[in-house]
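In: Provided below for reference: sequence and predicted model.
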Amino acid sequence: MKPPPFDYHRPSSLGEALDVLAGTGEDGKVLAGGQSLIPLLNMRLAAPAHLVDINRLTDLAAVEEEPGGLRVGALARHSRVERSARAAEVQPLLGQALRLVAHPVIRNRGTVVGSLVHADPAAELPAVLALLGGSVRLARRGGTRDVPAAGFFTGPLESAAGPGELAVSAFFPALAPRSGTAFHEVARRHGDYALAGVAALVGLDDDLRVSVARVACVSVGPVPLVADVVGACGHRPPASADWAGAARAVQDRIEPETDIHATADYRRHLTGVLAERALRDAAREALHA
Amino acid sequence: MPERVHEITLTVNGTVRRVAVPGRRLLSDCLRHDLGLTGTHVGCEHGVCGCCTVLLDGEPVRSCLTFAVTADGHEITTVEGLADGERMSPVQRAFAECHGLQCGFCTPGFLCTVTALLRENPAPTDEEVLEGISGNLCRCTGYQNIIKAVHRAAELTAEES
Amino acid sequence: MTTKLFGEPVQRREDPRLLTGRGRYLDDLGPDALAAAFVRSPHAHALIRDIDVSDALDVDGLVAIYTWEDLPDRLAEPLPLLIPHPALTHGRTAHPLARERVRHVGEPVVMVVARDRYLAEDACALIRVDYEVLKPVVGVEEAAQGARLVHDDVPGNVGAHLVQEAPAADGRDARELIEDAPHTLAFRLDVERSASMPLEGRGVYARWDADDSSLRVYSSTQTSTSVRMAVAAKLGLPLPKVEVIAPDVGGGFGVKIVHPWPEEVLVPWAAMLLGREVKWAEDRREHFISSAHERAQVQFVRVGFDDDGRLLGLEVTILHDHGAYTPYGIIVPIITSTQLPGPYKLGAYRVEFSSVYTNTVQVTPYRGAGRPQAVFCMERTMDRIAAHLGLDRTAVRAANFIQPDEFPYDQGLTFQDGRPLIYDSGDYPESLRMLKELIGWDAFPAEKERAAAEGRRIGIGVGCYVEGTGVGPYEGGHVQITSDGRVHVSTGLTSQGQGHETVFAQIAATELGVPLERVSVVTGDTRRFGYAVGTFASRAAVMSGNAIALACRKVREKALRIAADALEADPRDLEITDGMVHVAGSPGAAIPLATVAVLSNPLRYAFDAEAARATQFAGASSPDRPPVDEGEEPGLEGRDYYSPIRSTFASGMHAAIVETDPLTAEIRILRYAVVHDCGNLVNPMIVEGQIHGGVAQGVGGALYERMVYDGHGQLLNASFMDFLMPYATEVPKVETAHLQTPSPLNPLGIKGAGEAGVIPVSAVIASAVEDAEGIPITRMPLSPSELFDLRRAAS
């Protein structure tokens, strides 16, 4: 299990990185944390001709508050975001999700943006970005574009980042007032990819009645599935909202598949259980916000 | 055609080492085979078992999921660098005292992980210990004595500081 | 006595080197060796039409490529069938490199040698093998139908078929007694595949010395002596020209007892041919698809019993999945069928197994070696009987126990060593009493009720086993005391982390009366000890421990004889304390063992002050006797062997409390308790460690680990991502209590402990989940998804 040969590039500036990526096109692959890419290389399931190592671009390691949210640079490791007190205040769902990402040692190296670009439908962070309606900033030689989450995840392990493009940052909208979030999942072992997982966002209006109720589900479709369930749970105070009905609405939307760890039926069932738990927890957070 | 090699400099256990490696050389292989530090073990080469864990700038990382070239210019601590001369570190001594190892193959990864864990959190709770070592597989001990050893290491460190 | 070390929780002598990175595992050796890699079959069943290596020839650093066609006579033959058995009528083994046909994904087809492993893998990727893909046989039931064959010349895919009958005392057989029993039950049980999965894979490193025409092989093996014989035979070398060393080994758990692996003969062969050092270190994917698995069985049970739950007759029919080959014979199903009775008197017993071939990785022993399946069967049966009669599960077990005054107890079967299955010792009622106290069995119903009131589901389970340990034929020990007072102990069997260096040193230090620090132990190095069997079947402490004790006693006797001469005392009045031989009760007149060692070896040449005391002109020997007396040998050393009449039988009982989530069907182990009897404990700390590790592997087998093959014979989870070995977060704390019924069969009174922990865990967890859920549990492992399915089927 040794990686196949590739041409190694280690740009020292963003401009240089974009030049290299422009030159390598389809044959170029970006290396940030490498915690998903290097296993694939070691198993020879991927064999890019060029590897562009962005670990020298330390400017991209920033985690910064921006109007309306948090911008996480391409080199910001999971552990850094997880430990950031500011990030936790601006958008608590990030920390709630990051605690569920693999194990602490993997989080020391893996990056938030890398996880988004990897676009694994079983991963937590794509669900977070999708639930919050965040975006990913893609740079290429001569320009940048912001791709909203809804258009960023295009399939299992497929994202909108094209040849020659580098995902330089991701933007996570801040938690609105009187809102709460929660992330619940069930994995076979602690730290494994979830059999099913649900991130929930609940917002209350001035009368403390549910006005926003949305979930994002992992491991139950080709891309993170976002479901708006505010209609299903009713425009009521959290204590009397129909969270079970909302969970059933989520179950109706998902298309889980059977694999060696769980059947589709079990995943559907589990998603319902977790959706109800996550929505209730998020609503409780919203009441205390 | 011979593969292109890159000259890199690593500070390993406090010593500056220069080595020429192909871009694809895993840090684990570089430490073991290029620098002769075979204490770092390789159990899966896909980042799950944790045997290859070393400290990169003080933080535990998987050396099988890191290219040596990426570590150029950085500091690395391996199991060979944990002891203070001939005296084993509190973590090492605690593992011996609590029978926290059997075949010893996973042990270097645990030692590096636990060393960093206790540096950050000198008196972890049971739950924090579990979370801290949750990414390291051991096939021999059933973990019970490893958990005991982490607490014992915390005690020894506190006594000796 | 200061040197009494037997029974003490002495810290391990292996640890300082293993904790500081100074252990030497296989891949730590030979930094300049060439690297081997293998092209392995991607198909479960196929004919090889052509192998095209032309593209690989351009790889920089390539040294050699070998296929079956290149192998010389003996290497071209199938690998040995290690343990033949009359019932194994159709034993089959693989060729070192596939000849014409591959029978499982992962079978080696081409060997590549290159400057390093990266380049060797590059070359492998460029070798094109043209296969004619055949439909595979996957799963025991498909195999048993025999519609397609794994081996064309094995009808019905049946490699072995064996029936054993142990009739009742009155001569009536099991079927008859079951027919006539007041109560009968019949059901099916399933156990799935798992594997040893040591964290260090296999590996071989060979050095050929052309000047000396000798070969040195390092292998990550559980038996270096037998690898040596196999390598010498396969390569046509004189045995004294081959040495095999097991260096530090990163876990074995059974898989490394198989030998010679293809790589164990191919790598030394290539080293000889190339005149270069060659090394192969197995990677994780190779280990999944090219080593060995175990456990898969389907069991059909019929049982007859009386109103008290006493067994009258038991009939078990087993379909055993043997994978593609049978290199290790049929040891696993033999053990299942003969260890199934456990601590019980069965009335009459009939067991029948068919061992069938499938197009999957071969099956050889994994820690427990057929016993986890046996115990799953017996203990599920006990729980069924209890449920049927509405009795307490422990009461049914107690009603069937062999009693302490009934030892030796003959089960009327033939064990894996070909000898009668006679239990030597034990106290099962006491063991159960201790277990019930430890787990709080009698208080549990109230606890369960309280939990239910809170909406929680908890359940308690129990499982009992008897384990034949320390099987023969023999092991040996050699002990030498040198003139510096150091004690050098060696034995031929190998170590994989069990702490042999420590426990054997404890035994030697105790027997000889020397400080532990003076004793050093070497295992698994044929340069030091050539005769051995290997490390398996929980036999190291029993076999080598006793052999070393016997060798020490020889040395001690000689030392006392020599010291008696020097001290002008009667040897019967002497004892050894702290390395000093002295008259009992009179420490003044004493002579160090170092001096005794000097005196034991009359010299002509003095090379240091110590030796000067033993030269011809300085020695104390009498002028009318030869310097080395008749029947004596120079030197203070001794060798002895321990060869038991039959196995010792350790035993134990486990209990667990589990909680199942009413909504998510997740299963959590809240408590796990073990009562264990392995006779006298040499080092309780190490025995406890063995139990903890065994239970953890058992938890893996009960709730997490399975090898998942699809219909094409592809292993779908050949990685640590998807083969779910438990982390610290999945393993419960194990509470232990020890019962010590010494074995009467050996001088030290010990029984083996290595495998014990893993054996009953699946049975215990099944029992506990069944108690929590009220749904029969008939297969292991059990995932939340499966529990969810069971709940739906039950409602």
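Out: Sure, I can see it. Since we're looking at a predicted model, the values are computed, not measured.
In: Can you pull up the most central residue in the chain?
Out: You didn't pick a chain, so chain A it is. Geometric centre of chain A, nearest residue: A:Leu125, 1.8 Å, by CA atoms, centre = their mean.
In: please go with chain C instead
Out: Relative to the centre of chain C - CA atoms, centre = their mean - the closest residue is C:Phe536, sitting 3.4 Å away.
In: Find the nearest non-adjacent residue to that one, please.
Out: If you skip the residues right next to it in sequence, C:Phe536 has C:Ile257 as its closest partner in space, 4.6 Å away by CB to CB, 6 or more residues apart in numbering or on different chains. All C-beta atoms are positioned from the backbone trio N, CA, C, and that covers glycine.
In: Could you double-check that the one you found sits in contact with C:Pro365?
Out: Yes - look at C:Ile257 against C:Pro365 with CB atoms under 8 Å: they come within range, at 6.6 Å.
In: re the thing from before, now do the contacts for the residue nearest to C:Phe536.
Out: Contacts for C:Ile257 (CB atoms under 8 Å, 6 or more residues apart in numbering or on different chains) come out as C:221-223, C:328, C:364-365, C:534-536.
In: again, only this time at 6 Å
Out: C:222, C:534, C:536 (CB atoms under 6 Å, 6 or more residues apart in numbering or on different chains).
In: related to what we said a few turns ago, so the residue nearest to the centre of chain A is in which element?
Out: A:Leu125 is located in helix A:124-132, with elements delineated by DSSP states H and E.
In: Tell me the helix or strand right after that helix.
Out: In the C-terminal direction, the helix or strand that comes right after helix A:124-132 (DSSP H and E) is strand A:135-140.
In: who touches that next one?
Out: When contacts are taken as CB under 6 Å, 6+ apart, the neighbours of strand A:135-140 outside the stretch itself are A:116, A:144-148, A:152, A:161, A:164-171.
In: Quick check: the residue nearest to the centre of chain C vs chain A, distance?
Out: For C:Phe536, the distance to chain A under the criterion CB to the nearest CB, to the nearest Å works out to 28 Å.
In: residue in chain B nearest to chain C?
Out: Using CB to the nearest CB, B:Gly39 is the residue of chain B that sits closest to chain C, at 2.1 Å.
In: Show me which residues of the stretch 51-200 of chain A are close to chain B?
Out: A:53, A:55, A:103, A:105, A:108-109, A:190-191 (CB under 6 Å from any CB of the partner chain).
In: Just flag the most distant two among those.
Out: Spatially, the most separated pair among these is A:Asp53 and A:His190, at 30.9 Å (CB to CB).
In: Neighbour count: these two, which is higher?
Out: Shown here are A:Asp53 and A:His190; by other CB atoms under 10 Å in any protein chain shown, A:Asp53 has more neighbours (21 against 17).
In: OK, contacts around the more buried one?
Out: A:Asp53 is in contact with A:10, A:31, B:70, counting by CB under 6 Å, 6+ apart.
In: try C:Val244
Out: By CB under 6 Å, 6+ apart, the residues touching C:Val244 are C:217, C:224, C:227-228, C:526.
In: What about the residue in the stretch 451-600 of chain C that chain B sits nearest to, how many residues nearby?
Out: Closest approach of the stretch 451-600 of chain C to chain B (CB to the nearest CB) occurs at C:Gly497, with a separation of 2.8 Å. Using other CB under 10 Å, the number of residues around C:Gly497 comes to 29.
In: Then C:Gly530?
Out: With neighbours defined by other CB under 10 Å, the count for C:Gly530 comes to 18.
In: next one: the one 4 residues further on
Out: Neighbour count of C:Gly534, defined by other CB under 10 Å: 25.
In: wait, isn't it in contact with C:Thr223?
Out: Yes - contact status for C:Gly534 versus C:Thr223: in contact at 3.1 Å, counting by CB atoms under 6 Å.
In: Mind giving me the packing neighbours of the helix or strand hosting C:Arg433?
Out: With elements delineated by DSSP H and E, C:Arg433 resides in helix C:428-439, which encompasses its position. The contact analysis (3 or more CB pairs under 6 Å, 6 or more residues apart in numbering or on different chains; DSSP states H and E) places helix C:428-439 against strand C:648-660, strand C:667-677.
In: Mind checking if the shortest one is in reach of chain B?
Out: No - among the residues of strand C:667-677, none lie within reach of chain B under CB under 6 Å from any CB; the closest is 9.8 Å away.
In: which bits of chain A sit near chain C?
Out: With CB under 6 Å from any CB as the criterion, chain A meets chain C at residues A:1-2, A:186, A:188-190, A:260, A:262-263, A:266, A:270, A:273.
In: touching chain C at all, stretch B:75-93?
Out: Yes - figure legend: stretch B:75-93 in contact with chain C (CB under 6 Å from any CB); contacting residues B:79-80, B:83, B:92.
In: Name the nearest residue to residue 34, sequence neighbours excluded.
Out: Just so you know, I chose chain A. B:Leu65 (5.7 Å).
In: that answer is for a different chain, and I need it for chain B
Out: Counting by CB to CB, 6+ apart, B:Val19 is the residue found nearest to B:Asp34 once chain neighbours are left out, at 4.9 Å.
In: residues near the one you found, how many?
Out: Look at B:Val19: counted by other CB under 10 Å, it has 18 neighbours.
In: Show me what the biggest helix by length in chain B is packed against.
Out: The helix that spans the most residues within chain B, counting by DSSP state H, is helix B:144-160. The elements that helix B:144-160 packs onto, with contact taken as 3+ CB pairs under 6 Å, 6+ apart, are helix B:90-97.
In: cutoff 10 Å now
Out: In this structure, helix B:144-160 packs against helix B:90-97, helix B:107-120, helix B:126-132, helix C:684-699, strand C:734-738, with contacts taken as 3 or more CB pairs under 10 Å, 6 or more residues apart in numbering or on different chains; DSSP states H and E.
In: In JSON lines, list these along with mean neighbour count and distance to chain A.
Out: Converted to JSON lines, those look like this (neighbours: other CB atoms under 10 Å in any protein chain shown; distance: least, CB to the nearest CB, whole Å):
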{"stretch": "helix B:90-97", "mean neighbour count": "24", "distance to chain A": "16"}
{"stretch": "helix B:107-120", "mean neighbour count": "25", "distance to chain A": "6"}
{"stretch": "helix B:126-132", "mean neighbour count": "17", "distance to chain A": "6"}
{"stretch": "helix C:684-699", "mean neighbour count": "26", "distance to chain A": "11"}
{"stretch": "strand C:734-738", "mean neighbour count": "18", "distance to chain A": "19"}
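In: closest to A:Glu16 out of the ones you listed?
Out: The closest approach between A:Glu16 and any of these, judged by CB to CB, belongs to helix B:107-120 at 32.8 Å.
In: where does the closest one sit relative to the chain's centre, distance-wise?
Out: On the basis of CA atoms, centre = their mean, to the nearest Å, helix B:107-120 sits 7 Å off its chain's mean C-alpha point.
In: Send me that helix as PDB with only the CA atoms.
Out: Coordinates of the C-alpha atoms in helix B:107-120 are reproduced here as PDB (Å, rounded to 0.1, in the frame of the first residue of the first chain):
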ATOM      1  CA  THR B 107       2.500   1.200  21.700                       C
ATOM      2  CA  PRO B 108       4.600   4.000  20.100                       C
ATOM      3  CA  GLY B 109       1.400   5.500  18.600                       C
ATOM      4  CA  PHE B 110      -0.300   5.400  21.900                       C
ATOM      5  CA  LEU B 111       2.700   7.000  23.700                       C
ATOM      6  CA  CYS B 112       2.900   9.900  21.200                       C
ATOM      7  CA  THR B 113      -0.900  10.400  21.400                       C
ATOM      8  CA  VAL B 114      -1.000  10.300  25.200                       C
ATOM      9  CA  THR B 115       2.100  12.500  25.600                       C
ATOM     10  CA  ALA B 116       0.300  15.200  23.600                       C
ATOM     11  CA  LEU B 117      -3.000  14.600  25.400                       C
ATOM     12  CA  LEU B 118      -1.500  15.100  28.800                       C
ATOM     13  CA  ARG B 119       0.500  18.200  27.700                       C
ATOM     14  CA  GLU B 120      -2.800  19.800  26.800                       C
END
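In: Next, the angle from the longest helix of chain B to strand C:734-738.
Out: Comparing the axes of helix B:144-160 and strand C:734-738 via axes from the mean of the first three to the mean of the last three CA atoms, to 10 degrees yields an angle of 100 degrees.
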